[in-house]
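Visitor: what follows is a predicted protein model with its sequence.
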Protein chains: 2
Amino acid sequence: MSTAKKISASSARERILEVATDLFYRQGYRATGINEVIDKSGVAKATFYNHFPSKDELYEASLNILSENELRYVDDGINAATEPRERFLSVLKWLKPWATETNFRGCAFLHAATEVPNAESKIRKVGTRLYDSIRSRVERLAKELVSSDQAYQHLDAKKLASDYMVAFAGAVSQAEIYHAVWPIEQAIETIERLIGE
Amino acid sequence: MSTAKKISASSARERILEVATDLFYRQGYRATGINEVIDKSGVAKATFYNHFPSKDELYEASLNILSENELRYVDDGINAATEPRERFLSVLKWLKPWATETNFRGCAFLHAATEVPNAESKIRKVGTRLYDSIRSRVERLAKELVSSDQAYQHLDAKKLASDYMVAFAGAVSQAEIYHAVWPIEQAIETIERLIGE
DNA sequence: TCAAAACTAGACAGACCTGTCTGTATGTTC
DNA sequence: GAACATACAGACAGGTCTGTCTAGTTTTGA
């Protein structure tokens, strides 16, 4: 298989994925028809069904893309900070610029939980896997924080990570409900209160 | 208008509302057809459209019912407790039995935010109004708590209420994502840590 | 008793949905 | 230049959706 062939093949697939990810997030999964995805991707229907066996599989693929992107942003945010405290808080703070975007509509994986009631479906697993990944990063940063300074030694890193995840999820869902940024600022303050300002 | 007429008229309406509230919550709004609501309510299509001008208006009415019920449960939980600390924690603790129900699928108003992207729509306002109502109760209970005992006097009631709402929302959304109860228990612990165990 | 109101069943319009299929065009590989 | 993969356009089947409408029946209230 030549390189040119590969590029051309994957570019159709990627165009579909890009369009679908955007439409599913903005309009919702059920509210978006496959025909709209096809039209906006500029591909033929047969081409689409050549790449994805069904709409559901497209949804799953698009959520996987989103999940990878989100984790990358999280990691970039962590790595951009140097101090343990800032590294720890970066996961929450990263939410703020995201929520300020006009496109912000909350967590795509919570949307998936709404639109796909079956919690055992592969689509739903993408969400739990992502939250697990975020949690493991937060636990690592919490340990890092606790052992970084005397001032934090009274904290239990594991419990702190749990608190953090509760605040993280609460921030995102309240930001969606109110379509506002202030819940995220409040969640940051909550965590700051827990670790001491 | 006689009482009998009122009862008969409202019983068809109430049957529709009951069925719709259940189906919309369990299956989702878009995933539920008006025909299914009509069949399961045992009413004629014309009767349905006599009571509700559109599916959207039915959704709004059903969310309003849910909102009233939820507030009633919250208030009952508060009133069942006597100690300020228990009254304060009751709003969070009430989530546990709810999440244990087989039907539990998270917050119906967050679902509405997913399925109705327009944050300015009347449907969405039902959710923000409910969360505002819960917050005002939590603020009242936080003040009550802070002034109840020396041990709580270092706390800022307003900020505590904000923390509480973040934890509350985080608990519900994580419980939905993971389809589990432990996020609620974690949120309770988070708040207990904030006020001192 | 009788008119008005509310109910029943269900056909129907018109739009949308997913997924299949036919047939053609293009470009690469051997 | 034959074989192949991949792309294209778009008709089509078979089903769903919301909302309208006709027509007949029951209930209600004065």
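Guide: Great, that's in hand. Residues are numbered from 1 along each chain as shown, chains lettered A, B, ... in the order given.

Visitor: the residue most central in space within chain A and B:Y178, how far apart?
Guide: The residue lying closest to the centre of chain A (Cα atoms, centre = their mean) is A:E70, at 4.3 Å. Distance of A:E70 to B:Y178, given as Cβ to Cβ, to the nearest Å: 17 Å. No exception for glycine: its C-beta is placed from N, CA and C like everyone else's.

Visitor: again with A:I177
Guide: For A:I177 relative to B:Y178 (Cβ to Cβ), the value is 20 Å.

Visitor: okay, the two: which has more neighbours?
Guide: Set side by side, A:I177 and B:Y178 show more neighbours around A:I177, with 23 against 17, by other Cβ atoms under 10 Å in any protein chain shown.

Visitor: buried set for whichever strand or helix holds the more buried one?
Guide: Applying DSSP states H and E as the criterion places A:I177 in helix A:157-178. Judged by neighbour count (16 or more other Cβ atoms under 10 Å in any protein chain shown), helix A:157-178 contains these buried residues: A:157, A:160-178.

Visitor: so which of those are also by DNA strand C?
Guide: Checked against DNA strand C using Cβ under 7 Å from any atom of the strand, these yield no neighbours at all.

Visitor: and the pLDDT at the nearest residue to A:D156 once chain neighbours are set aside?
Guide: The spatially closest residue to A:D156, leaving aside those adjacent along the chain, is A:V146, at 7.9 Å (Cβ to Cβ, 6 or more residues apart in numbering or on different chains). pLDDT recorded at A:V146 is 98.

Visitor: what about A:V146, distance to A:I191?
Guide: 14 Å.

Visitor: so the two - more neighbours on which side?
Guide: Set A:V146 next to A:I191 and count neighbours by other Cβ under 10 Å: A:I191 wins out with 23 against 20.

Visitor: the more buried one touches A:L89, doesn't it?
Guide: Yes. Applying Cβ atoms under 8 Å, one finds A:I191 in contact with A:L89, separated by 6.8 Å.

Visitor: which ones are touching A:R85?
Guide: For A:R85, the contacting residues are A:145, A:148, A:195, by Cβ atoms under 8 Å, 6 or more residues apart in numbering or on different chains.

Visitor: residue contacts, the last one?
Guide: Under the criterion of Cβ under 8 Å, 6+ apart, the contact partners of A:I195 comprise A:85, A:88, A:145, A:152, A:155, A:160.

Visitor: does A:I123 touch A:S54 like I think?
Guide: No. If you go by Cβ under 8 Å, A:I123 and A:S54 don't touch, sitting 11.4 Å apart.

Visitor: how about the backbone phi and psi for A:Y152?
Guide: phi -110, psi 0 (degrees, to the nearest 10).

Visitor: also the one 4 residues further on?
Guide: Its backbone dihedrals place A:D156 at phi -100, psi 110, with angles given as degrees, to the nearest 10.

Visitor: distance of it from A:L130?
Guide: Distance from A:D156 to A:L130, by Cβ to Cβ: 25 Å.

Visitor: cool, A:V91 as well?
Guide: From A:V91 over to A:L130 (counting by Cβ to Cβ), the distance is 13 Å.

Visitor: same check on A:A113?
Guide: 12 Å.

Visitor: what's the nearest residue to the residue of chain A found nearest chain B if we skip its chain neighbours?
Guide: Closest residue of chain A to chain B, Cβ to the nearest Cβ: A:G170 (2.9 Å). In this structure, A:G170 finds its nearest non-sequential neighbour in B:G170, 2.9 Å apart by Cβ to Cβ, 6+ apart.

Visitor: any low-confidence regions in chain A?
Guide: A:1-10 (pLDDT under 70).

Visitor: show me where it has its helices.
Guide: Remark: helices assigned in chain A by DSSP state H are A:3-27, A:34-41, A:45-51, A:55-80, A:84-93, A:95-100, A:108-115, A:122-146, A:157-178, A:182-195.
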